[in-house]
Each structure stands twice: as C-alpha cells, then as structure tokens.
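using only what follows, build the 3D model:
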Amino acid sequence: MSIASEMITDSTLDEGPVLSFLTKKLRAIKKKLDKIERLEAALDEGKPINAEQKAVIECKIQLMATADELEKLKPQLVDIVKEERESAIASIPVPSVPQESEEE
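Below is the predicted model:
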C-alpha cells in the first residue's frame with residue numbers, strides 16, 4: 001500500500017466527518033430505542049413507570065422514522081466518501097525518480 005493510500009484510509013479520514021456524525025447519531029438513536037424496548041417490557045410485566053419514561057416511549061415512532069431515514073442516507077454517503085477518497089488519492093502527485101545517467 002502506498003503512503004498516500006495509508007494516509008487516506010486512516011480511521012479518522014475513513015468515514016469523513018459527515019458519515020462519522022451520522023454513525024454516532026444512529027448509535028445514539030439505537031440506544032434510545034433499546035431503552036424504550038426495556039421500558040415497554042417493564043410495562044408488560046406490570047412495573048410502574050414515571051411520566052418521563054412515558055414521554056420517552058411516546059417518542060418511539062419518531063425515533064424509528066429518524067433511524068430509518070439515516071439508514072437510507074448512509075449508503076449514499078459511503079459512496080460519496082469513497083469517491084472523494086479515490087479522487088484525493090488520484091490527485092496526489094507521484095514524485096519522479098531521477099534517472100541515473102549512463103556515463104562510461
């Protein structure tokens with residue numbers, strides 16, 4: 001692998017800032033949805049929940065819709081980042097190696 005390729009595929013540059021943000025947002029939404037599932041399970045078991053927990057449960061549909069939209073955007077962003085990475089690699093000049101003269 002060339003030095004340029006190693007620089008571009010570094011983990012901080014691998015996703016790019018937008019894709020990284022989207023991934024973090026999806027992870028946070030999935031955590032909230034997991035919490036909602038636990039709260040719903042507690043409700044099914046007859047355990048009491050407070051008003052704040054009820055409000056969290058009421059956001060489930062909105063969170064699911066947001067997660068769905070972000071999941072739909074992710075492949076498109078992956079393609080864009082890949083294209084940008086390939087373009088960046090292609091634009092890095094390759095240093096020329098001086099040729100030795102054949103003097104006898």
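
helix, strand or coil for Glu100?
Glu100 falls in the coil class when you classify it by DSSP: H, G, I helix; E, B strand; the rest coil.

so how far is Val94 from it?
Plainly put, Glu100 is 19 Å away from Val94 if you go by CB to CB, to the nearest Å. Placement of C-beta: from N, CA and C, glycine included.

again with Asp79
Remark: distance between Asp79 and Val94 (CB to CB) = 26 Å.

with Glu37 instead?
In this structure, Glu37 and Val94 are separated by 53 Å, where distance is defined by CB to CB.

and those two? Which one has more around it.
Neighbours were tallied for Glu37 and for Val94 using other CB atoms under 10 Å; the higher tally belongs to Glu37 (12 against 7).

which element, helix or strand, includes that one?
Counting by DSSP states H and E, the secondary-structure element that holds Glu37 is helix 17-44.

now do that helix: which elements does it pack against?
With contacts taken as 3 or more CB pairs under 8 Å, 6 or more residues apart in numbering; DSSP states H and E, helix 17-44 sits against helix 51-58, helix 60-91.

that one: which residues count as buried?
Buried residues in helix 17-44, counted by 16 or more other CB atoms under 10 Å: 19-20, 22, 26, 29, 32, 36, 39.

can you pull out the low-pLDDT segments for this structure?
1-14, 101-104 (pLDDT under 70).

what sits against the residue nearest the centre of it?
Most central residue of the chain, judged by C-alpha distance to the mean C-alpha position with CA atoms, centre = their mean, is Thr23 at 3.0 Å. When contacts are counted by CB atoms under 8 Å, 6 or more residues apart in numbering, Thr23 is found next to 15, 74.

separation between it and Ile49?
Noted for Thr23: a distance of 30 Å to Ile49, by CB to CB.

over to Glu40?
Following CB to CB, the distance that separates Glu40 from Ile49 is 9 Å.

ok, now Ala88?
Here the criterion is CB to CB. By it, Ala88 lies 50 Å from Ile49.

could you do Leu43 as well?
From Leu43 across to Ile49, the span is 6 Å (CB to CB).
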